[in-house]
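> Test case, fold it:
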Amino acid sequence: MNPKLTSHILVKTGWVLGSFFLGCSSVELTKIPKKPLPAQPPQLTELLLELPPEGGPRRPVDGMSSTTLSSQGPEIIIVERDQPALRATAEQDPAVKTQLGDRFTFITTEEVPADRCLVTVQVDDTANSRATERVSASDASAYRLTYYSYTHNVAVHVCMENNRMSSVQRDPREGYQPEEGDEEITAAIELARADQRIARDVQNLHGHAILTSPEEYRYFWVSDEAGFGDRVLWVTFSEMPESLALYFARVDLTSQTVLEAGKEAGPQ
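Below you'll find the model as predicted:
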């Protein structure tokens, strides 16, 4: 057979077979239309937080409503702008000084409806107390400053209206502890870093701290365990902010003592 004819036949055959297989394997992987990137980045939406009626840490507001909270709680706005001035006014008031005692720390400032600034307690059928709030009947707002008194080992709320102190109360919920404040995190890390059991090893490490005894966990503690009922933070140290903890400490801010400290178990 003519070599040229043979070569021509092979080329044709390869082209036909290739077209056949390529056609069979041509499948549409997606029907999602491709859209161009926006000219400007989207604007960020502020995440609002609410104080659950049953107590505990604040939680994000239902995304279905960006301006109001659920019907069970008030609208709460975390205040940063006027915080130093509000604190200075509150902490100079004689009644507030009495409730806070000599040793205390600031936790947070919230803007709430004026007629729902005070924390009240409702006792349900299971004899468990929980915080509750009345339906607001006024558009007026107030600032609620939350402190923790180490002197009295209790959370203290100060309500302020028109830059004046309107009321002060100890939190009525038994054993309630608010979330840890920035000042407490710093204090706990400093105490842990100075503890002789780990001081030499943690000086150049990153410190982290979190409250270990919020309301929902405190009943798992043994009543005679050191630090029971106190303001206790768990502190860890790591090489990088997001890396594994290398050392730990349990710090009692009520008594200003380090209950235990050492090297974390597991791989280092």
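
> in the stretch 151-268 of the chain, which spans are strands?
154-161, 164-170, 206-211, 232-238, 247-252, 257-263 (DSSP state E, counting those that start in this stretch).

> Next, format the ones you listed as CSV and append mean neighbour count and mean pLDDT.
For glycine as for every other residue, the C-beta is placed from the backbone atoms N, C-alpha and C. CSV is the format used below for the strands of the stretch 151-268 of the chain (neighbours: other C-beta atoms under 10 Å; pLDDT from 0 to 100):
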stretch, mean neighbour count, mean pLDDT
strand 154-161, 21, 95
strand 164-170, 16, 93
strand 206-211, 18, 94
strand 232-238, 22, 94
strand 247-252, 22, 94
strand 257-263, 16, 94
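
> could you redo those strands as TSV and give each row distance to G181?
Converted to TSV, these look like this (distance: least, C-beta to C-beta, whole Å):
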stretch	distance to G181
strand 154-161	11
strand 164-170	17
strand 206-211	10
strand 232-238	10
strand 247-252	14
strand 257-263	19
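
> got the contact list for D252?
Each residue near D252 by C-beta atoms under 8 Å, 6 or more residues apart in numbering is listed here: A226, G227, D230, R231, V232, V258, L259.

> Need the nearest residue in space to A142, chain neighbours excluded.
Nearest residue to A142 in three dimensions, chain neighbours excluded: A114, at 4.1 Å (C-beta to C-beta, 6 or more residues apart in numbering).

> That neighbour contacts A140, doesn't it?
Yes: A114 is in contact with A140 according to C-beta atoms under 8 Å; the separation is 4.1 Å.

> of the two, who's got more company?
Higher neighbour count among A114 and A140: A114, with 21 against 11, using other C-beta atoms under 10 Å.

> Would you list the phi and psi of that one?
Torsion angles at A114 (phi, psi; degrees, to the nearest 10) stand at phi -60, psi -40.

> Which parts of the chain are helices?
Using DSSP state H, the helices of the chain run over residues 3-25, 83-91, 94-100, 182-194, 199-202.

> Can I get the shortest one in PDB? Just the C-alpha atoms.
Read it as helix 199-202. Listed next in PDB are the C-alpha coordinates belonging to helix 199-202 (Å, rounded to 0.1, in the frame of the first residue of the first chain):
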ATOM      1  CA  ALA A 199       8.000  32.700  85.200                       C
ATOM      2  CA  ARG A 200      11.300  31.800  83.600                       C
ATOM      3  CA  ASP A 201       9.600  30.100  80.600                       C
ATOM      4  CA  VAL A 202       6.800  32.500  79.700                       C
END
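
> Can you name the residues that contact the residue nearest to A142?
With contact set as C-beta under 8 Å, 6+ apart, A114 has these partners: S138, A140, S141, A142, C159, E161, S166.

> Test my guess that the last one contacts M160.
Yes: because the distance of 6.2 Å satisfies C-beta under 8 Å, S166 is recorded as touching M160.

> Overlap in contacts, the two.
In contact with both S166 and M160: A142, using C-beta under 8 Å, 6+ apart.

> list the contacts for the closest residue to A226 other than its chain neighbours?
Nearest in space to A226, with sequence neighbours left out and distances taken as C-beta to C-beta, 6+ apart, is L259 at 5.1 Å. When contacts are counted by C-beta under 8 Å, 6+ apart, L259 is found next to A226, G227, V232, R250, V251, D252.

> switch to 7 Å and redo it
With contact set as C-beta atoms under 7 Å, 6 or more residues apart in numbering, L259 has these partners: A226, G227, R250, D252.

> So it versus E91, what's the distance?
29 Å (C-beta to C-beta, to the nearest Å).

> what's the answer for A39, then?
49 Å.

> With neighbour numbers in mind, choose between those two.
Ranked by neighbour count (other C-beta under 10 Å), A39 and E91 place E91 first, with 16 against 5.

> what's the pLDDT at the more buried one?
E91 is assigned a predicted lDDT (pLDDT) of 94.
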